[in-house]
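Participant: Sequence and predicted model, in that order:
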Amino acid sequence: MTIRIPLSSPDITEAEIAAVTSVLRTPRLSMGPELDAFERDLARYHSVDDAVVVSSGTAALHLSLITLGIGPGDEVVVPSFAFLAVANAVHHVGARAVFAEIDPRTLNLDPQAAERAITPRTRAILVVHTFGVPAEMDAFRAFADQHGIVLIEDACEAIGADFDGRRVGGFGDLAVLGFYPNKQITTGEGGAVLVRDPAHAARLRSLRNQGRSGSEWLDQKEIGYNYRLSELECALGRVQLSRINEILAMRRAAAERYHALLDGIPGLALPPLELDRRTISWFVYIVRITEGLCRDTIQSHLAEQGIASGRYFAPIHRQMPWRKYWSGAALSLTEQAAKAALAIPLFNRISETQQQEVARALRVAVACEKAGKNMI
């Protein structure tokens with residue numbers, strides 16, 4: 001079947017194309033002025049001391065954990081209702097991911113559940129701003145300080161969101177961003193670490209470039225990685241970031257239209273448009289299927305109509321590679337949310353006509369599923 005309305009779509013204008021083309025006319029395609037400028041722009045936007053650009057959000061997580069000294073024997077508290085990169089990165093440094101329960105309204109880590117998961121081996125808590133909804137950062141900052149553990153923010157889905165008037169990414173000891181094509185802004189592939197400590201910034205820059213340091217290309221300080229981001233991608237990211245306010249406004253308007261179109265459909269719970277102390281950055285629009293209806297059947301009906309949708313997220317602790325690492329702690333809210341959540345198309349330039357079509361198809365799909373349930 002042909003997908004007519006995609007789940008996401010990057011928004012590339014002539015300005016981005018011109019910026020990338022301009023780089024191609026230079027002899028510097030990596031580790032040049034566009035990278036330096038993109039890092040300055042990101043740091044300024046987030047009101048942090050520095051930013052270190054890398055090849056992906058996952059690379060940003062990996063290097064953050066290494067830079068903070070987390071390794072074998074350590075535990076990191078993470079959500080299971082998240083993209084699996086959060087746990088993978090912990091595993092790659094030899095530490096253990098400890099899964100904690102979520103808040104059923106925000107779908108973020110629940111601060112009290114996360115604090116209960118702390119043990120003498122806990123070195124860090126990794127807080128994800130899920131779907132662009134800011135987590136309760138004052139609570140996480142307070143108990144991280146109380147217990148002497150580091151706080152890492154995963155803001156890969158939340159650029160531009162704020163908590164208590166402060167942009168996410170500015171609360172953690174380190175914070176990470178992601179620029180995959182489905183994100184609010186994209187570099188194609190790419191990510192960044194937001195930094196407060198100059199020593200952390202220096203080590204991150206060394207690690208992303210094979211552990212080299214200083215101006216001598218062949219001098220190696222430690223064993224590192226090739227997590228560099230090209231000048232082409234940085235040029236693209238700079239233009240995207242310059243448009244961030246326009247982009248966030250378009251996505252917010254699309255979310256508001258969905259609220260108006262989908263409100264009152266039985267069997268469908270909508271995400272909150274407003275939350276106290278928070279400004280949401282709309283990464284995806286997630287509806288939750290209720291009343292015992294089958295999310296997967298509804299998703300299949302949408303696909304038959306040429307409308308893409310996505311299951312967000314399968315719990316990490318139930319994934320095959322992770323079952324042996326899961327302690328068996330109850331994560332019922334995580335599993336309920338994972339079973340019910342369905343992402344419907346949301347991107348910068350989704351049209352009102354497209355959203356009306358999605359809403360009609362979703363209304364029919366839910367009605368058909370309800371009728372089928374009633375016949376059983």
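Facilitator: Received, thanks. Numbers count the residues shown, from 1 in each chain.

Participant: Give the pairing partners of the top strand by length along the chain; include direction for each.
Facilitator: The residue-count maximum for a strand in the chain (DSSP state E) belongs to strand 122-128. Within its sheet, strand 122-128 is paired with strand 75-79 (parallel), strand 150-154 (parallel), according to DSSP bridges.

Participant: Take the ones you listed and lay them out in TSV including mean neighbour count.
Facilitator: Bear in mind the C-beta positions are built from the backbone N, C-alpha and C, glycine included. Shown next, in TSV, are the strands paired with strand 122-128 (neighbours: other Cβ atoms under 10 Å):
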stretch	mean neighbour count
strand 75-79	27
strand 150-154	26
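
Participant: and of the ones you listed, who's closest to A113?
Facilitator: Ranking the strands paired with strand 122-128 by proximity to A113 (Cβ to Cβ) places strand 75-79 first, at 9.0 Å.

Participant: Mind listing residues that contact the helix or strand that comes right after that closest one?
Facilitator: Using DSSP states H and E, the helix or strand that follows strand 75-79 in sequence is helix 85-92. If you take Cβ atoms under 8 Å, 6 or more residues apart in numbering as the criterion, helix 85-92 is touched by 57-58, 61-62, 65, 70, 76, 78-80, 96-97, 99, 126, 128, 154, 316, 322, 325.

Participant: Please indicate which of those are buried?
Facilitator: 57-58, 61-62, 65, 70, 76, 78-80, 96-97, 99, 126, 128, 154, 316, 322, 325 (16 or more other Cβ atoms under 10 Å).

Participant: For the chain, just list every one of the strands.
Facilitator: Counting by DSSP E, the strands of the chain are 50-54, 75-79, 96-100, 122-128, 150-154, 162-163, 166-167, 174-178, 191-195, 268-269, 278-279, 285-289, 341-344.

Participant: Relative to F143, which of those is closest?
Facilitator: That would be, of these and by Cβ to Cβ, strand 122-128, which comes in at 8.2 Å.

Participant: Off-centre distance for that closest one?
Facilitator: Chain-centre distance of strand 122-128: 15 Å, with Cα atoms, centre = their mean, to the nearest Å.

Participant: what do you get for stretch 13-33?
Facilitator: The answer for stretch 13-33 is 26 Å, by Cα atoms, centre = their mean.

Participant: Name the nearest residue to S332, sequence neighbours excluded.
Facilitator: E101 (7.9 Å; Cβ to Cβ, 6 or more residues apart in numbering).

Participant: C368 versus the closest residue to H62 other than its chain neighbours, what's the distance?
Facilitator: Using Cβ to Cβ, 6+ apart and skipping residues adjacent in sequence, the residue nearest H62 is A89, 4.7 Å away. Distance, A89 to C368, by Cβ to Cβ, to the nearest Å: 41 Å.

Participant: Between those two, point out the one with more neighbours.
Facilitator: A89 (28 against 14; other Cβ atoms under 10 Å).

Participant: Return the distance of that one relative to L229.
Facilitator: Taking Cβ to Cβ, one finds A89 at 17 Å from L229.

Participant: same deal with R278?
Facilitator: Distance from R278 to L229, by Cβ to Cβ: 30 Å.

Participant: can you list the domains in this structure?
Facilitator: 14-242, 245-375 (automatic domain parsing).

Participant: that older thread, how about a markdown table for the strands paired with strand 122-128, with distance to L268 added?
Facilitator: Converted to a markdown table, the strands paired with strand 122-128 look like this (distance: least, Cβ to Cβ, whole Å):
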| stretch | distance to L268 |
| --- | --- |
| strand 75-79 | 24 |
| strand 150-154 | 28 |
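
Participant: Export these as JSON lines, with columns for mean pLDDT and distance to F163.
Facilitator: JSON lines is the format used below for the strands paired with strand 122-128 (pLDDT from 0 to 100; distance: least, Cβ to Cβ, whole Å):
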{"stretch": "strand 75-79", "mean pLDDT": "98", "distance to F163": "17"}
{"stretch": "strand 150-154", "mean pLDDT": "98", "distance to F163": "10"}
